[in-house]
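Q: Take this sequence and fold it.
(chains A and B)
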Protein chains: 2
Amino acid sequence: MAYFDGIKVMLEEKEYPTHWYNIQADMKTLPPPPISPATGKPAQPEELARIFPAALLAQEMSRERWIAIPDPIREMYRRWRPSPLYRARRLEAELNTPAEIWYKYEGVSPGGSHKLNTAIVQAYYNQQAGIKNLVTETGAGQWGTALAIAAAFFGMRCTVYMVKISYQQKPYRRLLMESYGASVFASPTDRTQAGRQILAQHPDSTGSLGIAISEAVEEAMERDDTNYALGSVLNHVLLHQTVIGLEAKQQLAAVDRYPDVVLASCGGGSNFGGIAFPFVQDLLSGQARPKVMAIEPEACPTLTQGTFAYDFGDTVGMTPIIQMYTLGHDFVPASIHAGGLRYHGDSPLVSRLYHDRIIDARAYRQSQVFEAALTFAKSEGILPAPESAHAIRGAIDEAIAARESGERRVILFNLSGHGHFDLTAYDDYLNGRVVDVPFSSEWTAESLRALPQVES
Amino acid sequence: MAYFDGIKVMLEEKEYPTHWYNIQADMKTLPPPPISPATGKPAQPEELARIFPAALLAQEMSRERWIAIPDPIREMYRRWRPSPLYRARRLEAELNTPAEIWYKYEGVSPGGSHKLNTAIVQAYYNQQAGIKNLVTETGAGQWGTALAIAAAFFGMRCTVYMVKISYQQKPYRRLLMESYGASVFASPTDRTQAGRQILAQHPDSTGSLGIAISEAVEEAMERDDTNYALGSVLNHVLLHQTVIGLEAKQQLAAVDRYPDVVLASCGGGSNFGGIAFPFVQDLLSGQARPKVMAIEPEACPTLTQGTFAYDFGDTVGMTPIIQMYTLGHDFVPASIHAGGLRYHGDSPLVSRLYHDRIIDARAYRQSQVFEAALTFAKSEGILPAPESAHAIRGAIDEAIAARESGERRVILFNLSGHGHFDLTAYDDYLNGRVVDVPFSSEWTAESLRALPQVES
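A: The predicted model follows:
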């Protein structure tokens, strides 16, 4: 039986999730299929099959509610799962709140974040399909690290296009990927047409996630033994991450709790979807009414300020066109420290749920986020990744609201990773070098005008 | 009940250790008491009480076999304990060995190493004694980080003298300590007499653990509200770390195993004593005969090449004189990457056990250690600290020996911490910049001549 030792809830082997939860089975309105940039019509499976294995494409489209986790993955999950669910007792005391704050901690994975939950699954299905190389992009480096580890686990090669500014500012992240055997390049590179095109126009480009995606996809398209892997946004990625929320639900049940509020940081949506979807299931079925909230940075407020539209997933326009909240595929956010939350778009599933007002969203300034991060570190002991600290800020504000209203609210959030590779960001904050750049909706005007027109 | 999910063994709440194991109760010959440098006679309790609280001094001298872990500490341990005991299945397969390799992973603590196991205990007893500031030294930074977190937990201030070369080479470690609120200084500093004395003689000194200890002890001696905390060597520090071995013993028992070999890296001895002492207890009582082995770097081979003698714990000669294996208190080892294993001496308890041939020791070159570290990272997924990788090298060699002899040996080692703050070391290794400096016993000649003469 699951047990609570006063600080954390752990599960026993027979309680480990055996299936992922596929929210597509329960959503009334599903996102439309991706549109081919070549034809303007729904992308054909064979187009997508050039860069993804069939098993992942099947999961991408599946309407089955429960999808079995393959045995080799279940065994690998045991290296860091079930992740602990903590009661944040010291943070509660610090905030003097009647609310209970619970957090799921994904930093216990060897890569230090939730990203490995899907990286090993993607590596597994690709290996089964005979693929020898995985290629991807990375911004902050969490995803690249996870895929490098996953590739090492399955004896595959791994190539990572790392956004140039991160490559320069985060040498430790690059070294970590290289230690696991990956090859890492500062994007834009001159290895791909997409990279050369950007460099011709902007020789000093510091890169963006959208550009790095273009480069990675191009390399994957060109080689038969090479596939592309994406760390967020897509349905199958969010599917794999639901292992977080499924565990959390069981862990809370073990202490007879159900959350009034569920929060997670939201960039591409996989961390958010991972913890939230098993609770959104209850919302959709009417079984419970938790407030479910995605937290994003004010500098890249995709949900709270973006447009619900069809847009490219990358900058150059090589990926299928998907319906999502977007700031425009050529939007370049301010260079905030939460590099993992600087994506111009968002998961189509998360976007649809937000559009249908099933979930909520909120945006915070950097300084608010770092303040929360240090409060958390000193009280709970764990230094969070700046991305994850967005969820902490949201949880702290919910706990303060509970104090003001005298409510005994149960708050659950996902602490998606630790901040061991983000110390220069903390240095900047501690020394007053973190500047809050307000978002201006004018920034997106050009991007939005450039959005492709799609008949829906 | 404890349970094994095929990858790791976890304990349930009722199995968490309630007491630390004090090996002094079982050793036939105990180390002699520390000698005062002022009088040349056994140090008086009041001398030591200027820098340590009474409760810790009582533990230092205690002969009680089992010492109760205070409730607030037991609660805090639950933030990362019990740490998982892993079966290294992928490493075993990689080595094609009939041996079973099990490792206890201490990198799950918020500080990323075993050091927090004693840091919170020392902070607790100091806070109970009314102390407001803790001062210490740190080399690689694991201990400084742990004490910074512990001080934050108990609302105390924390000052860290960080060996200058580490301060310069490991800015992330410094930033981590500062994020938890600690003040960090590059030692030698001009804040203390000891530091000024060194700087006058060697203006370009890059520091050493021995010098940093001198500075920290001096600051603690001068202020009534300030005490000193040491991260290794002393009896009470090793006592607190036995929580590792006690858990491991129970976890192995849950899968019906008992180790044939127990290994740990050994610098000051706390990581080694932590996992090994509960098994050495069985050796001392004759209940079992595991081979227990301390692994050290060839560049600082305290046990394998040092002299069993009375020596100072620090460089300047401010600390009590203790009987231990030593390379001489002014020995300056080559600047290897395993900064935590560069101490000139060793725990008196470990030294005595080694002198009495109850435990064994082995030394490795840096390149051997890094090779083992990367083999481990790629197979088990966790990138180890260079210090911890010494134990991995030892375990791999034991597993290879088992393959050659066809023996089904059970190998247990302690993976004391992760390598997230040691990426430049891996960079050096991957790019051929790691040089093996052979140890020359001539190096210690001067130090050994300078050893104080003590009548025993």
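Q: Quick check: which element contains A:F279?
A: Per DSSP states H and E: A:F279 is located in helix A:270-285.
Q: Just the CA trace of that helix, in CSV.
A: What follows is helix A:270-285, C-alpha atoms only, in CSV (Å, rounded to 0.1, in the frame of the first residue of the first chain):
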residue,chain,number,x,y,z
SER,A,270,4.1,18.6,-21.6
ASN,A,271,4.8,19.3,-17.9
PHE,A,272,1.4,20.9,-17.5
GLY,A,273,-0.5,18.2,-19.4
GLY,A,274,1.5,15.5,-17.5
ILE,A,275,0.3,16.5,-14.1
ALA,A,276,-3.0,18.1,-15.0
PHE,A,277,-4.7,15.7,-17.5
PRO,A,278,-5.6,13.0,-15.1
PHE,A,279,-7.4,15.7,-13.1
VAL,A,280,-8.9,17.3,-16.2
GLN,A,281,-10.4,13.9,-16.8
ASP,A,282,-12.5,14.4,-13.7
LEU,A,283,-13.5,17.9,-14.8
LEU,A,284,-14.6,16.6,-18.2
SER,A,285,-16.6,13.8,-16.7
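Q: Buried ones in it, by neighbour count?
A: Using 16 or more other Cβ atoms under 10 Å in any protein chain shown as the test for burial, helix A:270-285 gives A:270-284. Every residue, glycine included, has its C-beta placed from N, CA and C.
Q: now for whichever helix or strand comes after it, which elements pack on it?
A: Counting by DSSP H and E, the element after helix A:270-285 in chain order, helix or strand, is strand A:291-297. Applying 3 or more Cβ pairs under 8 Å, 6 or more residues apart in numbering or on different chains; DSSP states H and E, one finds that strand A:291-297 contacts strand A:261-265, helix A:270-285, helix A:302-305, strand A:360-364, helix A:386-405.
Q: Chain B: which of the ones you listed is closest?
A: Among those, helix A:386-405 comes nearest to chain B, with 11.7 Å by Cβ to the nearest Cβ.
Q: and the closest one, what other elements does it pack with?
A: Helix A:386-405 packs on helix A:89-95, strand A:100-105, strand A:261-265, strand A:291-297, strand A:360-364, helix A:366-380, strand A:410-415, going by 3+ Cβ pairs under 8 Å, 6+ apart.
Q: closest to A:A254 out of these?
A: Closest to A:A254 of these, according to Cβ to Cβ: strand A:100-105, at 11.5 Å.
Q: before we move on, back to that, which other helices and strands does the helix holding A:F279 contact?
A: strand A:19-21, helix A:235-254, strand A:261-265, strand A:291-297, helix A:348-355, strand A:410-415.
Q: Mean neighbour count, those: which tops it?
A: Neighbour counts (mean count of other Cβ atoms under 10 Å in any protein chain shown) averaged over each of the helices and strands packed on helix A:270-285 peak at strand A:261-265, with a mean of 29.
Q: Tell me the one among the buried residues of helix A:270-285 nearest to B:I336.
A: Among these, A:N271 lies closest to B:I336 (Cβ to Cβ), at 38.5 Å.
Q: Now for that closest one: which residues touch it?
A: Neighbour list for A:N271: A:106, A:114, A:232, A:241, A:244, A:264-265, A:387-388, A:414, A:416 [criterion: Cβ atoms under 8 Å, 6 or more residues apart in numbering or on different chains].
Q: and if you look at A:D346?
A: Residues counted as contacts of A:D346 (Cβ under 8 Å, 6+ apart) are A:233, A:266-269, A:302-303, A:306, A:324-326, A:354.
Q: Also A:L234?
A: Taking Cβ under 8 Å, 6+ apart, one finds A:60, A:347 in contact with A:L234.
Q: OK, now which residue of the stretch 251-400 of chain A is nearest to chain B?
A: Using Cβ to the nearest Cβ, A:G381 is the residue of the stretch 251-400 of chain A that sits closest to chain B, at 3.8 Å.
Q: and that residue, how far is that from B:A150?
A: Distance from A:G381 to B:A150, counting by Cβ to Cβ, to the nearest Å: 9 Å.
Q: So between those two, which is more surrounded?
A: Relative neighbour count places B:A150 above the other of A:G381 and B:A150, with 28 against 22, counting by other Cβ atoms under 10 Å in any protein chain shown.
Q: quick revisit: using JSON lines, please lay out the helices and strands packed on helix A:270-285 together with mean pLDDT.
A: JSON lines is the format used below for the helices and strands packed on helix A:270-285 (pLDDT from 0 to 100):
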{"stretch": "strand A:19-21", "mean pLDDT": "98"}
{"stretch": "helix A:235-254", "mean pLDDT": "98"}
{"stretch": "strand A:261-265", "mean pLDDT": "98"}
{"stretch": "strand A:291-297", "mean pLDDT": "97"}
{"stretch": "helix A:348-355", "mean pLDDT": "98"}
{"stretch": "strand A:410-415", "mean pLDDT": "98"}
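Q: So which residues make contact with the strand or helix carrying A:E137?
A: Per DSSP H and E: A:E137 is located in strand A:133-138. With Cβ under 8 Å, 6+ apart as the test, strand A:133-138 has contacts from A:122-123, A:126, A:143-145, A:147, A:150-151, A:156-163, A:166, A:173, A:177, A:187, A:209, A:212-213, A:215-216, A:219-220, A:223, A:225-231.
Q: Taking strand A:133-138 as reference, get the angle to the next helix or strand after that strand.
A: Per DSSP H and E, strand A:133-138 leads on to helix A:142-153 as the next helix or strand towards the C-terminus. Relative orientation of helix A:142-153 and strand A:133-138, computed by axes from the mean of the first three to the mean of the last three Cα atoms, to 10 degrees: 160 degrees.
Q: remind me which residues of chain A are low pLDDT?
A: Along chain A, segments meeting pLDDT under 70 span A:441-456.
Q: Centre of it to the edge, which residue is at the far end?
A: Distance from the centre of chain A peaks at A:G406, with 33.2 Å (Cα atoms, centre = their mean).
Q: Sounds good, over and out.
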